[in-house]
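Q: model this:
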Amino acid sequence: MRKLVIFLACASLLLAQPAAAASPVGQVQNFGPDLKSKCVFPEGIAVDPSGNIYASSANLAASSGPANICVLDRAGSLVDLISVAAGPAGVANLLGMLFVPGEGLYVADFAGGGGGGRVVLVNVATHAVALVASGFKAPNALAKDEDGNLWVSDSFTGAITKVAPSGATTTFAYPAELKPSAGEFPPFGANGIAFDRDEEFLYVAMTSRDQILRIRHEDGALGAIELFATGTPGGALDGADGIAFDVKGNLYVCSNQSDEVAVLSPRGSVIAEYRGTGDNAFSNPASPVFFGREVFVANLALFEGAAGRHKVSVFTVPHPGAPLVPSDEGERD
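A: Down below sits the predicted model:
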């Protein structure tokens with residue numbers, strides 16, 4: 001029954017109508033208002049089956065207090081604001097998110113990066129927040145497998161943690177490959193994560209080395225890790241951050257240092273690059289999410305300053321996104 005619910009939810013995304021102001025294929029456009037006053041430094045992004053977009057505030061300038069999640073409807077209007085109170089660390093810094101139908105909105109809270117990082121589950125209707133897992137140094141991105149396990153990347157330890165439906169955690173550490181070395185910039189290692197359609201591999205963005213790696217996955221465990229693609233300074237994968245697959249197995253990578261979204265083929269070669277121009281250009285793109293053939297991107301806007309725009313971007317692509325919870329069922333366009 002659970003797989004059927006997931007399949008129906010994913011099918012609704014593939015068949016969804018584009019937004020009223022959908023962009024031509026490949027043209028990057030701003031979506032919605034400047035979020036600086038409500039969700040400063042938007043880092044994470046998620047979408048629900050109705051097409052509402054959730055953008056999380058990394059809240060980087062704050063030393064204490066809550067952080068917000070901005071909710072945009074299909075027209076780009078700000079329709080809700082969800083406040084997430086700080087946990088034991090005293091400050092909330094919201095990064096990666098994942099909306100799972102029937103469960104809610106999972107959110108990674110960096111919480112100052114001092115070891116108090118956590119993952120919470122938000123009820124988007126009531127705004128209630130429940131703790132899912134804690135004890136992370138830098139929880140960053142989230143993924144789910146078809147067995148209901150939640151996977152969390154930790155950018156400071158180079159580890160991937162599995163959180164079972166029971167709440168039990170198992171951590172798989174790859175410090176040589178996924179932990180940043182002294183002097184590397186930006187000082188973030190394991191970042192965006194995504195399973196391929198068959199769950200054969202978990203793909204991981206390694207931000208400080210401009211790399212995409214993949215880790216063998218079998219029976220709920222992670223095994224050998226290997227390099228999949230390497231970027232170039234100022235070009236594709238420079239500051240590889242959030243990632244997402246389309247139904248053809250192409251991997252979309254937010255490159256936060258080169259202000260672009262690069263597309264990797266199933267063999268790891270760059271087959272497209274999206275940037276935007278003028279006011280519609282990306283500004284430290286951090287996380288992507290598909291809704292049908294539209295890709296929505298949260299722009300962290302680290303270097304925008306007081307006059308800059310903290311925003312969500314959108315562009316249309318040739319193929320729909322892959323289901324966020326992989327399954328053998330469902331349409332493979």
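Q: quick check: mean pLDDT across the one helix or strand I45 maps to?
A: Counting by DSSP states H and E, the element that carries I45 is strand 42-47. Across strand 42-47, pLDDT averages out at 98.
Q: likewise stretch 190-197?
A: Per-residue pLDDT values across stretch 190-197 average out to 97.
Q: pretty sure E177 is in a helix, no?
A: Yes - according to DSSP: H, G, I helix; E, B strand; the rest coil, E177 belongs to a helix.
Q: Can you read off the pLDDT for it?
A: The per-residue confidence score, pLDDT, reads 98 for E177.
Q: Which element, helix or strand, includes the nearest residue to it once chain neighbours are set aside?
A: Setting aside the residues directly before and after it, E177 is nearest to I225 in space (CB to CB, 6 or more residues apart in numbering), at 5.3 Å. (Each C-beta comes from the backbone N, C-alpha and C, glycine too.) Here I225 is covered by strand 221-230, with elements defined by DSSP H and E.
Q: Show me which positions of that strand end up buried.
A: Residues of strand 221-230 classed as buried under the neighbour-count rule (16 or more other CB atoms under 10 Å) are 222, 225, 228-229.
Q: Past the helix or strand of the chain with the lowest mean pLDDT, which element shows up next along the chain?
A: Among the helices and strands of the chain, helix 2-14 carries the lowest confidence by mean pLDDT, DSSP states H and E, at a mean of 36. Past helix 2-14, further along toward the C-terminus, the next helix or strand under DSSP H and E is strand 29-31.
Q: which helices and strands does that following strand pack with?
A: Other helices and strands packing on strand 29-31, by 3 or more CB pairs under 8 Å, 6 or more residues apart in numbering; DSSP states H and E, are strand 312-316.
Q: Show me what the strand it packs on is packed against.
A: strand 29-31, strand 294-299.
Q: switch to 10 Å and redo it
A: strand 29-31, strand 42-47, strand 53-57, strand 285-291, strand 294-299 (3 or more CB pairs under 10 Å, 6 or more residues apart in numbering; DSSP states H and E).
Q: quick one, strands of the stretch 151-300 of the chain?
A: 159-163, 169-173, 190-195, 201-206, 211-218, 221-230, 240-245, 251-255, 260-264, 270-274, 285-291, 294-299 (DSSP state E, counting those that start in this stretch).
Q: With distance to P42 as new columns, can those strands be given to me in JSON lines?
A: As requested, these are exported to JSON lines (distance: least, CB to CB, whole Å):
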{"stretch": "strand 159-163", "distance to P42": "24"}
{"stretch": "strand 169-173", "distance to P42": "28"}
{"stretch": "strand 190-195", "distance to P42": "15"}
{"stretch": "strand 201-206", "distance to P42": "18"}
{"stretch": "strand 211-218", "distance to P42": "23"}
{"stretch": "strand 221-230", "distance to P42": "26"}
{"stretch": "strand 240-245", "distance to P42": "12"}
{"stretch": "strand 251-255", "distance to P42": "12"}
{"stretch": "strand 260-264", "distance to P42": "15"}
{"stretch": "strand 270-274", "distance to P42": "18"}
{"stretch": "strand 285-291", "distance to P42": "8"}
{"stretch": "strand 294-299", "distance to P42": "4"}
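Q: who wins for proximity to A182 among these?
A: For those, distance to A182 was read as CB to CB. The smallest value, 15.6 Å, belongs to strand 201-206.
Q: Run a quick neighbour tally on the residue nearest to D48 when sequence neighbours are not counted.
A: Once its chain neighbours are removed from consideration, D48 has its nearest residue in F99; the separation is 5.0 Å (CB to CB, 6+ apart). The local packing count at F99 equals 22, with neighbours defined by other CB atoms under 10 Å.
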